[in-house]
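Q: Okay, predicted coordinates and the sequence, questions at the end:
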Amino acid sequence: MRLLDPYSLVLMATLIGAVLSSVLFFVRRSFPAEILGLGFWAWGLAVQVLSALVYSLRGVLPEVAVLPLANVLYILGHGLPLLGLQVFFGRQPAWLTLACALAFALVGMLWWLLIEPDYAARVVWMSLPATLINCMALRQVVRYGRGYFASWFLGSLIGLNTVLVAGRGLMALLNGPALIDLNQPGHIQNVYLALTGMIPNMMAVAFLMMSTKRVHVALERRSASDPLTGVLNRRGFGEAYLREAARMRRLPRTLSLLAIDLDFFKKINDMHGHAEGDRVLTEVARMVSSALRESDYVARFGGEEFMVLLPDTDVALAVTVAERIQTLLRSECSSERPACTASIGVAWQNDPSEGMKDLLDRGDQALYRAKANGRDRIETSLDSF
Ligand code: GH3
Ligand code: MG
Ligand code: MG
């Protein structure tokens, strides 16, 4: 088989890296600000391209100028994506570790180049910080990556890269320079160059896939939630209801609803201002959520009206939950937080053929009676019996 020229392989991977780096820079600008890490990956690829360019000056400039710089850039180009992964997963970026890895690489390169020139020793030395960075990146993905395709893909690529980098260092340690000299043509050298050239590019694609997935989840959550309080909005509530109604069709169970409306809320806006009213609404949403189980849903239906959906809950239990919510609201009552009572209507549904509108109507009627009967009270729907 005719061997490909190793320089063509590196050039190809470098060009692809340059294109991907610019793609990541552009994508970063259009993604929501909460998706972190793309900038680190874009810079990482750019630095890897720079490292290859510096390396290509070998022969033009003296080795002592080219090799330390190219190798330090190589470590930096692999370290920045690690920091990108860390911020993506909400961790602190390990700047100090990266700085130590860079210093380690620089000192080693200078030593094995100027003081005791030794090619194999340089390869062994450089494989150490590169392997450390790869292992740290792999740990991030294994520990925090959710089990979807892109994170598996990225984890496998980092794993493969680790094996290649550490394997080359080990071969240099055990065998000397014979098999690892990338300037000599050979199948092993070519496979190594092709893989180590392309893997960082594929890793960047995998990371882009992970980021895209996160954007998708964030947008979905945003479209289903109320921007002020963070609980579900009508749309999110409708989706939750459909899920629970489908469950109810499979297994007979009671689905309960609490329709909650704060009492005299208008006074808060009038006396303390709209901003204070908004703060109270956020606080109430938090308190209502804290009174519920993990499997319950709370939604804000506009204004100061909240709906709570309680799966597998009969009316007696639903009333208990409503009382718990009222107690919580009252316990936080103070001159700073004046709106502390709520009227609650309780309705429930046993019949899977019924729709959401019937349940909401019954909840509203019960709530209306709670208001009419003096507020700060719980009324259960009459029609549900
Ligand atoms: P009650 O329910 O006890 O009859 O009296 P209320 O004063 O709460 O009456 P109502 O439900 O009719 O008034 C709701 C008030 O909630 C009207 C409006 O000023 C206020 N409101 C509605 N949406 C918002 C909001 O997003 N932020 C704030 N701060 N206030 C809101
Ligand atoms: Mg009200
Ligand atoms: Mg209201």
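A: Nice, thanks for sending it over. The model shown is predicted, which means the values in this text are computed figures rather than measured ones. Ligands and ions are numbered 1, 2, ... in the order given.

Q: Can you pull the residues of the chain lying near ligand 2?
A: Proximity of the chain to ligand 2, by Cβ under 5 Å from the ion, involves residues 261-262, 265. (C-beta placed from N, C-alpha, C; glycine too.)

Q: Pick out the one among these with the largest number of neighbours.
A: Taking other Cβ atoms under 10 Å as the neighbour criterion, Leu262 ranks highest of the residues of the chain next to ligand 2 with 22 neighbours.

Q: which stretches of this protein aren't confidently modelled?
A: Flagging of the chain using pLDDT under 70 yields the residue ranges 1-4, 179, 185, 335-339, 383-385.

Q: Tell me the buried residues in the biggest helix by length in the chain?
A: When secondary structure is assigned using DSSP state H, the longest helix within the chain turns out to be helix 187-224. Judged by neighbour count using 16 or more other Cβ atoms under 10 Å, the buried positions of helix 187-224 are 189-190, 192-211, 214-215, 224.

Q: for it, packing partners?
A: Using 3 or more Cβ pairs under 8 Å, 6 or more residues apart in numbering; DSSP states H and E as the contact criterion, the elements in contact with helix 187-224 are helix 6-30, helix 38-55, helix 63-88, helix 149-175, helix 234-250.

Q: Run through the neighbouring helices and strands of the shortest one.
A: The reference is to helix 234-250. On a contact count with 3+ Cβ pairs under 8 Å, 6+ apart, helix 234-250 meets helix 187-224, strand 255-262, strand 297-300, strand 305-310, helix 356-372.

Q: Quick one: these as a markdown table, columns for distance to Ser381 too.
A: Listed next are the helices and strands packed on helix 234-250 as a markdown table, based on distance: least, Cβ to Cβ, whole Å:
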| stretch | distance to Ser381 |
| --- | --- |
| helix 187-224 | 26 |
| strand 255-262 | 9 |
| strand 297-300 | 18 |
| strand 305-310 | 14 |
| helix 356-372 | 4 |
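
Q: Turn the ones you listed into JSON lines, columns for distance to ligand 3.
A: Output for these, formatted as JSON lines (distance: least, Cβ to the ion, whole Å):
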{"stretch": "helix 187-224", "distance to ligand 3": "22"}
{"stretch": "strand 255-262", "distance to ligand 3": "5"}
{"stretch": "strand 297-300", "distance to ligand 3": "11"}
{"stretch": "strand 305-310", "distance to ligand 3": "5"}
{"stretch": "helix 356-372", "distance to ligand 3": "9"}
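
Q: Including distance to ligand 1, could these go into a markdown table?
A: Putting the helices and strands packed on helix 234-250 into a markdown table (distance: least, Cβ to the nearest ligand atom, whole Å) gives the following:
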| stretch | distance to ligand 1 |
| --- | --- |
| helix 187-224 | 18 |
| strand 255-262 | 5 |
| strand 297-300 | 9 |
| strand 305-310 | 7 |
| helix 356-372 | 6 |
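
Q: ok so, going back, quick check: which of the helices and strands packed on helix 187-224 is nearest to Glu332?
A: Distances from Glu332 to each of the helices and strands packed on helix 187-224 were compared using Cβ to Cβ; the minimum, 24.4 Å, belongs to helix 234-250.
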